[in-house]
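# Pasting the sequence and the predicted coordinates here, then a few questions.
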Amino acid sequence: MSRFANLADKPKVSPKAQPQPATPGLEEGASKTASFGTKSRSNSRAGRKAIAAYFSPEMSLAMHVCARQHGLSLQALMAEAFDDVLRKYGQSPVGE
């Protein structure tokens, strides 16, 4: 079965852009929703950078269970682990 088998059932959309009703107070071409070029981020992520890694399912489960047992979020537990690694290698821990 093709990965795109579900797409065959969907109706085809005409490539022509449909005209939008005029909204008072907005400039032509402007819209109330965010445009595709802008990223909407949660305020909790402002000024932060993602660090991603891939682990075995067993490691993932162990980390989630440990975080839950200690009443921490997975992010807080990982921040604590990263600080421990920084200390081990002589770097100053940064914290969350």
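Everything's here; your move.
# what's the pLDDT at residue 69?
Residue 69 carries a pLDDT score of 97 in this model.
# what's the burial count for it?
If you count neighbours by other C-beta atoms under 10 Å, residue 69 ends up with 8. The C-beta positions use only the backbone N, C-alpha and C, and glycine is treated the same way.
# Equivalent analysis for residue 74, please.
Neighbours around residue 74, by other C-beta under 10 Å: 13.
# Over to residue 52?
Counted with other C-beta under 10 Å, residue 52 comes out at 4.
# backbone phi and psi for it, please?
phi -120, psi 150 (degrees, to the nearest 10).
# Outside of the helix or strand bottoming out on mean pLDDT in the chain itself, list whatever touches it.
None of the helices or strands of the chain scores lower by mean pLDDT, DSSP states H and E than helix 74-88, at a mean of 94. Helix 74-88 is contacted by residues 51, 63, 64, 66, 67, 70, 72, 92, 93, 94, 95, 96 when judged by C-beta atoms under 8 Å, 6 or more residues apart in numbering.
# Low-confidence stretches in the chain?
1-41, 96 (pLDDT under 70).
# Show me where it has its helices.
Counting by DSSP state H, residue ranges of the helices within the chain are 57-69, 74-88.
# buried stuff in the shortest one?
It refers to helix 57-69. residue 67 (16 or more other C-beta atoms under 10 Å).
# what packs against it?
helix 74-88 (3 or more C-beta pairs under 8 Å, 6 or more residues apart in numbering; DSSP states H and E).
# residues in contact with residue 95?
79, 83.
# switch the cut-off to 10 Å
Residues counted as contacts of residue 95 (C-beta atoms under 10 Å, 6 or more residues apart in numbering) are 79, 80, 82, 83, 86.
# Out of the residues you listed, which is nearest to residue 56?
residue 82 (19.0 Å; C-beta to C-beta).
# give me the number of residues near residue 79?
The number of residues near residue 79, taken as other C-beta under 10 Å, comes to 17.
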